[in-house]
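Only the shape, not the letters, is given here:
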């Protein structure tokens with residue numbers, strides 16, 4: 001998503017607004033845990049702040065598709081995040097991935113980084129907790145339900161008390 005800020009730089013306009021749906025390239029999706037991104041909508045504005053520096057304010061929303069931690073089935077997770085910072089700070093953080101020329105900037109790397117921050121650690125689909133998570137000689141052990149094994153030799157001491 002390329003933004004030309006020539007008119008803003010020459011003070012012809014006070015801000016540049018944008019409002020559009022974007023498509024994230026498949027090459028970026030393959031480098032992450034995301035299966036897909038749907039309806040990624042970006043609204044925002046690029047403006048000169050009080051110190052005459054470029055500032056970027058935007059809101060990113062959409063739906064990310066992640067695999068369920070138990071069944072690996074795709075799960076739709078809605079997300080919404082916002083960015084509000086100076087363009088100089090954002091360029092320093094993004095370093096080499098941000099393509100900035102003298103009169104335009106590609107903000108797709110900023111959008112992508114903020115989407116990655118919103119990915120949850122664990123996604124469980126509806127009904128996956130109720131699945132039978134044990135079989136012949138095996139059982140799924142989770143943090144919520146630690147398995148307590150009692151030494152069979154010490155088991156006989158219980159009878160004495």
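Yes, it's here. As the structure is a computational prediction, the values presented were derived from the model and not from experiment. Numbering: from 1, shown residues only.

all contacts plus neighbour counts: C-alpha atoms, from now on.
Noted.

average pLDDT across stretch 66-78?
The average pLDDT for stretch 66-78 rounds to 89.

Give me the contact list for that stretch.
The contact list for stretch 66-78, computed with C-alpha atoms under 8 Å, 6 or more residues apart in numbering, reads 33-36, 61-65, 122-125, 128.

Would you confirm that residue 19 contacts residue 57?
No. The pair residue 19 and residue 57 does not pass the contact test of C-alpha atoms under 8 Å, sitting 11.8 Å apart.

Look at these two and report which has more neighbours.
Taking other C-alpha atoms under 10 Å, residue 19 and residue 57 do not tie; residue 57 has more neighbours (16 against 12).

Helix, strand, or coil at the spatially closest residue to the more buried one that is not a sequence neighbour?
Nearest non-adjacent residue to residue 57, counting by C-alpha to C-alpha, 6 or more residues apart in numbering: residue 84, 4.4 Å away. What DSSP: H, G, I helix; E, B strand; the rest coil gives for residue 84 is strand.

coming back round to it: pull up the overlap in contacts between residue 19 and residue 57.
Residues touching both residue 19 and residue 57 (C-alpha under 8 Å, 6+ apart): residue 44.

Enumerate every residue touching residue 7.
Residue 7 touches residue 13, counting by C-alpha under 8 Å, 6+ apart.
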